[in-house]
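Trainee: What shape does this take:
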Amino acid sequence: MQALYKYPISQYPVLNEINSAIDPFFKLFSVVVKWQRAEKKWTDGAFLDLDSEVIEGEVDEYWRELYKIQKFFNNKFKKAQVTVECEAAVVYVVIMPSTELTTERLSTSSYHIYC
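Mentor: The predicted model follows:
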């Protein structure tokens, strides 16, 4: 619309972030809706209209899509978990400063902070 009236086109950088954050959930929702519609057709439709090869192909497609989405969510969860662990370690060091918990001990003992 802005180009039509020869106005400078507005940039919305937050919109791209929102789209990238919502996209995996939209893909998951889309696959679930497609699966539900197909399942309804398979269970409530005419038995003679069913083709096992077509159904197998559809199920394989749904499985591949869900596998990709699952990998994305697993990676996202792992990144969030590492971030929370790092923040907790930093908070612990800041709140509980003691003589035994020095920078040397953090790097050489069981306390490893890689944030």
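Trainee: now Phe29: how far from Phe47?
Mentor: According to Cβ to Cβ, to the nearest Å, Phe29 stands 30 Å off from Phe47. Glycine gets a C-beta too; all of them are placed from N, C-alpha and C.
Trainee: Those two - which one has more neighbours?
Mentor: Using other Cβ atoms under 10 Å as the criterion, Phe29 and Phe47 rank with Phe29 on top: 11 against 6.
Trainee: which residues does the residue most central in space within the chain contact?
Mentor: Note on the chain: the residue nearest the mean C-alpha position is Phe73, at 3.5 Å, using Cα atoms, centre = their mean. Counting by Cβ atoms under 8 Å, 6 or more residues apart in numbering, Phe73 touches Pro24.
Trainee: quick one: average pLDDT of the helix or strand harbouring it?
Mentor: Using DSSP states H and E, the element containing Phe73 is helix 52-95. Helix 52-95 carries an average pLDDT of 80.
Trainee: same thing with stretch 36-46?
Mentor: Stretch 36-46 comes out at a mean pLDDT of 93.
Trainee: quick one: buried residues of it?
Mentor: Residues Ala38 are the ones in stretch 36-46 that count as buried (16 or more other Cβ atoms under 10 Å).
Trainee: do stretch 4-24 as well
Mentor: Within stretch 4-24, no residue counts as buried by 16+ other Cβ under 10 Å.
Trainee: ok so, going back, how much space is there between the residue nearest to the centre of the chain and Leu66?
Mentor: Phe73 is 10 Å from Leu66, by Cβ to Cβ.
Trainee: Asn19 now?
Mentor: Taking Cβ to Cβ, one finds Asn19 at 21 Å from Leu66.
Trainee: next one: the helix holding Phe73 to chain centre, how far?
Mentor: Taking Cα atoms, centre = their mean, to the nearest Å, one finds the center of helix 52-95 at 6 Å from the center of the full chain.
Trainee: And for Thr83, the neighbour number?
Mentor: 11.
Trainee: err, Val54, not the other one
Mentor: Neighbour number of Val54 under other Cβ under 10 Å is 11.
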